[in-house]
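A.B. asks: Build the 3D model from these lines:
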Amino acid sequence: MKRRPSPLAAFFWVLVAILGAGSLAILALSRGEPVSALWIVVAAVCVFLIAWRFHSSWLAARVLALDEMRATPAIVREDGRDFVPTNRWVVFGHHFAAIAGPGPLVGPVLAAQFGFMPGLLWMLIGATLGGAVHDCLVLFCSLRRGGRSLGQMMRDEVGPFAGIVTLCGTASILVILIAVLGLVVVKALAESPWGLSTILASMPIALAMGIAMHRGRGRVGLVSLAGVIALLFSVYAGQWLHGTALERWLTLDGRTLAAGIAVYALVASSLPVWLLLAPRDYLSCYLKIGTVALLGIAIVILAPRLQMPAITKFISGNGPVVAGPVFPFCFITIACAAVSGFHALIASGTTPKLLARERDLRVVGYGAMITEMLVGVMALIAACVMQPGEYFAINIKGAPAAVTAQVTALGFPVTQAHMAALAASVGEQNMIGRTGGAPTFALGMAKMFGGIFHGGAALSLWYHFAIMFEAMFILTTIDAGTRVGRFMLQDLLGYFWKPLARSDWLPANGLAGVLFVGAWGWFLWQGVVDPLGGINSLWPIFGIANQLLGVIALALGATILIKMGRKQYLWAPLLPLAWLMAVTLSAGWMKIFSPDPRLGFLSAANDFQARIAHGGAPLQLAAWHSQLVNSWIDAAVTGFFVLLVLLIVGACARVWWRSLVKQADVGILGEEPYVSLSPGNPAMF
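C.D. replies: Down below sits the predicted model:
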């Protein structure tokens, strides 16, 4: 029998709802008058509380019907390497760090070009009704199927053709995603001994934590505290490297870093998950949450004014930072803080092999997603409390004089002298043209922390801390993504020879790991040695490729709900699926066929062809030829990915039609046999 909430509890939740709606109304109805960023924090916290209390409990109890007594793959298949029952807070840390990466920090910063309101609404609505449903549904499906990957589940529930297409498509997209993230790390850590020292220090700290927690499961809290203290000390101690021999040894170029990242990913994906991957991600997770919580406290104390308007004139598609209109490109640019297909790979890769109880899915799947939403909201605030002139000058490429003139012409006055003083305040040589979103977030965060901890040295310290903070989280995504890629590649190789699909056979693990790291490592290496080659050539399709993965995952989730007989809840995955289909197909069409050379690949190719025909200097001609080839490649790859997704969704839709309309048999549900937890099993506690 369901217990009704007390009148006091009902009054509290009504008050939270009114406060959240009122905060959004104040933000939306502002017309040029200064608005405090505190209203964004209030709105986000209210949405977080309501979503966790009501939506997550409904999703867990009704849609998924989680069973506390059902043994998870970590229990049934425990092997001490990939399948390891793990404390749920350690799993939460691993999952959050793996899915978050740079996405919730960078995406909202770039989307601030459209104003703070479009990005804010997309994160609040998309993360709860879309991203949380997406993550929980995929994690649930994988838990019930022995920790299988997205491609394996598609093969079992839809058919062999859909399974092979999904495996090929997701593996290809994952190669691009990891190579892009690797290039971001290289750019952040090249010639940065302070940043690299912190990253290197996190590895032995994580190893020590993994060994300690594996041998003494009751000491998670103590080990965690020691690990966090050690990591914070390593961050602070990085400033002492200046002028020492160690500084010279840790000042590495891009090529050395690219090779090091590939070697690290190969080793991390091969070691037992409890030894390095899980504790490192867990350690990184709480550093991220703690930093963002401090940022929220700084906003509450300072109550900074939002300098960026709610909606800018760039929503029509003439923006200098993100080419394209607010629909669909705001929803492509902001992915991880709302809906991200990469999450599906983690939720069907490492995480289901670690969860000890099915009920922990709510904390890990739903909790990590809405926590990431809060991170994205804080990043949006960090960008929008800056002066718009500073924001655009940082995020537009070009010579300093040309950039400041362009930004001033857009209606946001800024001078070279002002930007030079801004760079000096954070210990940088230049802040103009520092694109990518990371420097903008770091500067916004440093300014707010500097407002509390006064002094120029404090501002510089916080800025460099933020840069290292972002690089660390990108690296956690790379190692988790590589492990997932190994699983996926083994699934694919198993079609040719079944023993290669065995995760308990070391030769198969090693072969798949080397092949997968070699694939994304080649794109990364080429991107480092050639500014127009390798992953640089595929960077423009990063956002679309990521969101297409989300379409695949939601289509699979809807199919499984139908086969489970839970058709009354089908709207839960179909609603975000319909939205993502509209977004990705619109974005894909525009990126291929838009007549604007800044946006459309084919029109850009025509533009470069015209330049080559008119002639130029040898270096110019070589660069234009490379960009011409890149434009054709991007158009072809984008079209290929869109076609793959349409084939997969079509195969799923055929199952939906046969079940819902024809009332035909759609095959046996692919769940593994039910195994009950015994009262003496450690997972019960």
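A.B. asks: From here on, just use CA atoms for contacts and neighbour counts.
C.D. replies: OK.
A.B. asks: Mind giving me the packing neighbours of the biggest helix by length in the chain?
C.D. replies: As assigned by DSSP state H, the longest helix anywhere in the chain is helix 618-660. Using 3 or more C-alpha pairs under 8 Å, 6 or more residues apart in numbering; DSSP states H and E, the elements in contact with helix 618-660 are helix 160-189, helix 535-538, helix 542-563, helix 571-593, helix 601-614.
A.B. asks: Is Met419 part of a helix or strand, or is it coil?
C.D. replies: Three-state call for Met419 (DSSP: H, G, I helix; E, B strand; the rest coil): helix.
A.B. asks: by how many degrees do the longest helix of the chain and helix 571-593 diverge?
C.D. replies: Angle, helix 618-660 to helix 571-593, by axes from the mean of the first three to the mean of the last three C-alpha atoms, to 10 degrees: 150 degrees.
A.B. asks: Scan the helices and strands of the chain for the one with the lowest mean pLDDT.
C.D. replies: Lowest by mean pLDDT, DSSP states H and E among the helices and strands of the chain is helix 535-538, with a mean of 73.
A.B. asks: now that one, how far from the centre of its chain.
C.D. replies: For helix 535-538, the separation from the chain centroid amounts to 19 Å (computed by C-alpha atoms, centre = their mean, to the nearest Å).
A.B. asks: What of stretch 585-595?
C.D. replies: Stretch 585-595 has its C-alpha centroid displaced from the chain centroid by 23 Å (C-alpha atoms, centre = their mean).
A.B. asks: buried stuff in it?
C.D. replies: Judged by neighbour count using 16 or more other C-alpha atoms under 10 Å, the buried positions of stretch 585-595 are Leu585, Ala587, Gly588, Met590, Lys591, Ile592, Phe593, Ser594.
A.B. asks: same thing with stretch 554-561?
C.D. replies: For stretch 554-561, by 16+ other C-alpha under 10 Å, it's Leu554, Ala555, Leu556, Gly557, Ala558, Thr559, Ile560, Leu561.
A.B. asks: before we move on, what about stretch 372-380?
C.D. replies: Of all the residues in stretch 372-380, those buried under the rule 16+ other C-alpha under 10 Å are Glu372, Met373, Leu374, Val375, Gly376, Val377, Met378, Ala379, Leu380.
A.B. asks: what's near enough to touch the last one?
C.D. replies: So that's Leu380. Leu105, Pro108, Val109, Ala112, Phe116, Gly119, Leu120 (C-alpha atoms under 8 Å, 6 or more residues apart in numbering).
A.B. asks: what number of residues lie near Gly615?
C.D. replies: Neighbours of Gly615 under the rule other C-alpha atoms under 10 Å: 11.
A.B. asks: next one: the one 10 residues further on
C.D. replies: The number of residues packed around His625, counting by other C-alpha under 10 Å, is 17.
A.B. asks: next one: Val16
C.D. replies: Val16: 19 surrounding residues under other C-alpha under 10 Å.
A.B. asks: Then Gly182?
C.D. replies: Gly182 is flanked by 29 other residues according to other C-alpha under 10 Å.
A.B. asks: roughly how far apart are it and Ile346?
C.D. replies: 17 Å (C-alpha to C-alpha, to the nearest Å).
A.B. asks: quick one, which of the helices and strands packed on helix 618-660 is nearest to Arg53?
C.D. replies: In terms of C-alpha to C-alpha, the element of those nearest to Arg53 is helix 571-593, at 17.2 Å.
A.B. asks: Any stretches of the stretch 51-200 of the chain with poor pLDDT?
C.D. replies: The model of the stretch 51-200 of the chain has pLDDT under 70 over residues 188.
A.B. asks: One more pass at 90, please.
C.D. replies: For the stretch 51-200 of the chain, applying pLDDT under 90 flags the ranges 68, 78-84, 86-90, 93-107, 148-149, 151-152, 159-200.
A.B. asks: need the helices for it, in chain order.
C.D. replies: Along the stretch 51-200 of the chain, the segments classed as helices by DSSP state H, counting those that start in this stretch run 56-58, 73-76, 88-100, 103-111, 116-125, 132-143, 150-157, 160-189, 193-215.
A.B. asks: Likewise for the stretch 251-400 of the chain?
C.D. replies: Listed in chain order, the helices of the stretch 251-400 of the chain (DSSP H, counting those that start in this stretch) span 254-270, 277-302, 326-333, 342-347, 361, 368-384, 388-395, 400-409.
A.B. asks: what sits up against the helix or strand following the fourth one?
C.D. replies: Next helix or strand after helix 342-347 toward the C-terminus (DSSP states H and E): helix 361. With C-alpha under 8 Å, 6+ apart as the contact definition, helix 361 has outside contacts at Cys136, Leu139, Phe140, Leu355.
A.B. asks: Show me the two of the residues you listed that sit farthest apart.
C.D. replies: Spanning the widest gap among the contacts of helix 361 are Cys136 and Leu355, at 12.8 Å by C-alpha to C-alpha.
A.B. asks: So these two - more neighbours on which side?
C.D. replies: Leu355 (31 against 27).
A.B. asks: isn't that one right next to Val76, touching?
C.D. replies: No - the pair Leu355 and Val76 fails to qualify as a contact (C-alpha atoms under 8 Å) at a distance of 11.3 Å.
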